[in-house]
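> Here's a sequence, model it:
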Amino acid sequence: MNRKGRVLAGAAAILLLAIAASFIGRGSHVSAAGSRTLLFALNVPVTADPYVAGVITRGATLAVDKANAAGGVRIGGFTYKLKLKAYDDNNDPAQAAANVEKAISHGAVAVVEDGNGMAASAAQSNAADVPQIAITDGTSGLLTTDAGPITSLFGLRIPNDFAAEVLAIYIAGKTRSVAILHDDTDNGRDGATQLQSSFEYSNITAKPVLEVAANAPTMDAEVLEIKSANPGAVVIWGGDLFIARALTAIRDAGIDAPVYASQQAESPAVRELDPPSVTDGLKFISGRMDSEFDNCSFPRFENALGKYRLAPVDAHVKTAAGQEVRQPDDLDFFSYDAVNVVVAALEKAGSPQPGARLLQDLAKVHVRSANGDARGFSPQAHEGFDLQDAYVAEIEDNQFEPVKDEPLSASLATEPELMSGYPVPVPTTGCPSP
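As a prediction, the model looks like this:
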């Protein structure tokens, strides 16, 4: 074939590709070789908070890898492979919103993210009918307005109102005076608001309630105010790096009151404090790893992460006996489930493109969660986490486990957290089929 013929053939191929793409929709892609892909965007703080970026990325990556290893997903008579593209939001709401705009322009069928900047990007995702799913930001009003849930926003995280309610009931049995120290993010401010509301209901006095910039180098004045108030307990609400700095400042000031925190306290960044004893006794809210009737699915999930070279995750801390500690993958399965719920909604809609039908079906479909639960989003609030799955955990010897003096927590098994205990043992009896 001469040059002119090659040019014409190439032009024809491009035209055919464009026609095919117009039928397939903006949420999918057909390569020159004819393979079809669905793009999932990850909007995560790669540089500002690698831990948060990591837990979201690992879970989503496993969902994508498993689907592709099975041959892809079948939608509307065609088979599609899944693809991930990460965008660094740097913990900046404006950058996070800009990333959503980019992801939509790149053809993403969904954005799985930390939740930072969701309010700023909601108009864009609503206009494009592309779902955004928050994994770590617990801000209670993140997904709704006074008129109801925002069509394109969903959450698979522990909302602050859930966390505050469980924590208030637990603390009420121990003290009636609590100081609150929170960062200046939407999540930190909302956490403080939800705590005050729940404490009031539980007859707990919250004083003082202090805000510190998330990246403030010091918080000496605030900690001295807390020390002067002599509260029975202190609650820290904010990102993991903020919690680490706040806890250090509190202990350096000689405050020995019990300290409680949001789920971000389970981050290795908190347990890397020196000396390690600083974190002993720190309690925080987390979500159960096993379902009520299935203690096999979660260890299978953790082992699957290892099979795809995504685990175990070294927490970079050791026990007093020198044993290396790993980070349980209890947040990773939120993003894993999020990808699978979107795929199920696309399959139900019978179309590989975002649209009003996809957003509606996201609140109708359910998948089997990585922990064995049925996972889906409630039509009323677009939330995918059940209040009854929140428990209280405590750090001891650089590991965390459920407390023994709270009903749900006391019923939960302790997750093996030593690097030497990986792969995770799976019970040999009573396990549902994988």
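
> From residue 246, how far out is residue 126?
36 Å (C-beta to C-beta, to the nearest Å). C-beta here means a position set from N, CA and C on the backbone, and glycine is covered the same way.

> Which one's more surrounded, those two?
residue 246 (27 against 16; other C-beta atoms under 10 Å).

> tally of neighbours for the closest residue to the more buried one other than its chain neighbours?
Beyond its immediate neighbours in the sequence, the residue positioned closest to residue 246 (C-beta to C-beta, 6 or more residues apart in numbering) is residue 236, lying 4.7 Å away. Residues contacting residue 236 under the criterion other C-beta under 10 Å number 29.

> Go ahead and report the secondary structure state at residue 236.
strand (DSSP: H, G, I helix; E, B strand; the rest coil).

> Next: the one 10 residues further on.
With three-state DSSP as the basis, the three-state label of residue 246 is helix.

> Tell me who's in contact with residue 333.
Residue 333 sits next to 59, 298, 301, 369-371 when contact means C-beta atoms under 8 Å, 6 or more residues apart in numbering.

> what helices or strands is the helix or strand encompassing residue 395 leaning on?
Applying DSSP states H and E as the criterion places residue 395 in strand 390-396. On a contact count with 3 or more C-beta pairs under 8 Å, 6 or more residues apart in numbering; DSSP states H and E, strand 390-396 meets helix 160-172, strand 283-287, strand 399-402, helix 407-410.

> Mean neighbour count for the ones you listed - can I get that in a markdown table?
As requested, these are exported to a markdown table (neighbours: other C-beta atoms under 10 Å):
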| stretch | mean neighbour count |
| --- | --- |
| helix 160-172 | 23 |
| strand 283-287 | 23 |
| strand 399-402 | 21 |
| helix 407-410 | 14 |
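
> Contacts only, for the residue nearest the centre of the chain.
By C-alpha atoms, centre = their mean, the chain has its centre lying nearest to residue 135, at 2.8 Å. Counting by C-beta under 8 Å, 6+ apart, residue 135 touches 55-56, 112-115, 156-157, 331, 334-335, 338.

> Out of those, list just those in helices.
55-56, 334-335, 338 (DSSP state H).

> Arrange the residues you listed in CSV, one row each, with distance to residue 45 as further columns.
Shown next, in CSV, are the ones in helices among the contacts of residue 135 (distance: C-beta to C-beta, whole Å):
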residue, distance to residue 45
55, 11
56, 9
334, 16
335, 14
338, 17
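
> before we move on, back to that, how about the helices and strands packed on strand 390-396, which one is nearest residue 380?
helix 160-172 (14.1 Å; C-beta to C-beta).

> relative orientation of the closest one and strand 283-287 in degrees?
140 degrees (axes from the mean of the first three to the mean of the last three C-alpha atoms, to 10 degrees).

> got the angle for helix 160-172 vs strand 390-396?
Going by the same axes, to 10 degrees, helix 160-172 makes 60 degrees with strand 390-396.

> then the helix or strand just after helix 160-172 to PDB, C-alphas only?
Counting by DSSP H and E, the next helix or strand C-terminal to helix 160-172 is strand 177-183. Provided in PDB are the C-alpha atoms of strand 177-183 (Å, rounded to 0.1, in the frame of the first residue of the first chain):
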ATOM      1  CA  SER A 177     -16.300  16.700  81.000                       C
ATOM      2  CA  VAL A 178     -14.500  16.600  77.600                       C
ATOM      3  CA  ALA A 179     -12.200  19.000  75.700                       C
ATOM      4  CA  ILE A 180     -12.400  19.000  71.900                       C
ATOM      5  CA  LEU A 181      -9.400  19.800  69.700                       C
ATOM      6  CA  HIS A 182     -10.000  19.800  65.900                       C
ATOM      7  CA  ASP A 183      -8.400  20.900  62.700                       C
END
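
> just to revisit the earlier point, now, of the ones in helices among the contacts of residue 135, which are buried?
Buried residues within those, defined by neighbour count using 16 or more other C-beta atoms under 10 Å: 55-56, 334-335, 338.

> of all the residues you listed, which comes closest to residue 278?
Distances from residue 278 to these, taken by C-beta to C-beta, are shortest for residue 55, at 22.9 Å.

> Give me the spatial nearest neighbour of the closest one, chain neighbours excluded.
Using C-beta to C-beta, 6+ apart, the closest residue to residue 55 is residue 331 (4.1 Å).

> How confident is the prediction for that neighbour, by pLDDT?
Listed pLDDT for residue 331 reads 94.

> Provide the backbone phi and psi angles at it.
phi -100, psi -30 (degrees, to the nearest 10).

> Tell me, how many residues neighbour it?
26.

> Is it possible to get JSON lines of the ones in helices among the contacts of residue 135 that adds pLDDT and distance to residue 49?
Formatted as JSON lines, the ones in helices among the contacts of residue 135 follow (pLDDT from 0 to 100; distance: C-beta to C-beta, whole Å):
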{"residue": "55", "pLDDT": "95", "distance to residue 49": "10"}
{"residue": "56", "pLDDT": "97", "distance to residue 49": "10"}
{"residue": "334", "pLDDT": "98", "distance to residue 49": "16"}
{"residue": "335", "pLDDT": "98", "distance to residue 49": "15"}
{"residue": "338", "pLDDT": "98", "distance to residue 49": "19"}
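
> quick check, nearest of the residues you listed to residue 166?
Set against residue 166, the nearest of the ones in helices among the contacts of residue 135 by C-beta to C-beta is residue 334 (17.7 Å).

> Just confirm the closest one contacts residue 154, I think it does.
No - applying C-beta atoms under 8 Å as the test, residue 334 and residue 154 come out as separate, 11.3 Å apart.

> any residues in contact with both of the two?
With C-beta under 8 Å, 6+ apart as the test, residue 334 and residue 154 both reach residue 384.

> got the contact list for the closest residue to residue 134 other than its chain neighbours?
Using C-beta to C-beta, 6+ apart and skipping the chain neighbours, the partner closest in space to residue 134 is residue 115 (3.0 Å). Residues in contact with residue 115 (C-beta under 8 Å, 6+ apart) are 134-137, 139, 142, 155, 157, 187.

> at 10 Å instead, please
Applying C-beta atoms under 10 Å, 6 or more residues apart in numbering, we find residue 115 in contact with 43, 56, 89, 93, 96, 132-139, 142-143, 153, 155-157, 186-187.

> Mind checking which of these are in helices?
Per DSSP H, these map to helices at 56, 93, 96, 186-187.

> Quickly note the distance from residue 115 to residue 82.
22 Å.

> To clarify, my last question referred to residue 232.
Where residue 82 is concerned, residue 232 sits at a distance of 50 Å (C-beta to C-beta).

> So for the two, which sits in the more crowded spot?
residue 82 (22 against 15).

> Wait, a strand at that one?
Yes - counting by three-state DSSP, residue 82 is located in a strand.

> Quickly list what the closest residue to residue 166 other than its chain neighbours is bridged to.
Counting by C-beta to C-beta, 6+ apart, the nearest residue to residue 166 once its immediate chain neighbours are dropped is residue 390, at 4.7 Å. For residue 390, the beta-bridge partners are residue 287 (DSSP bridges).
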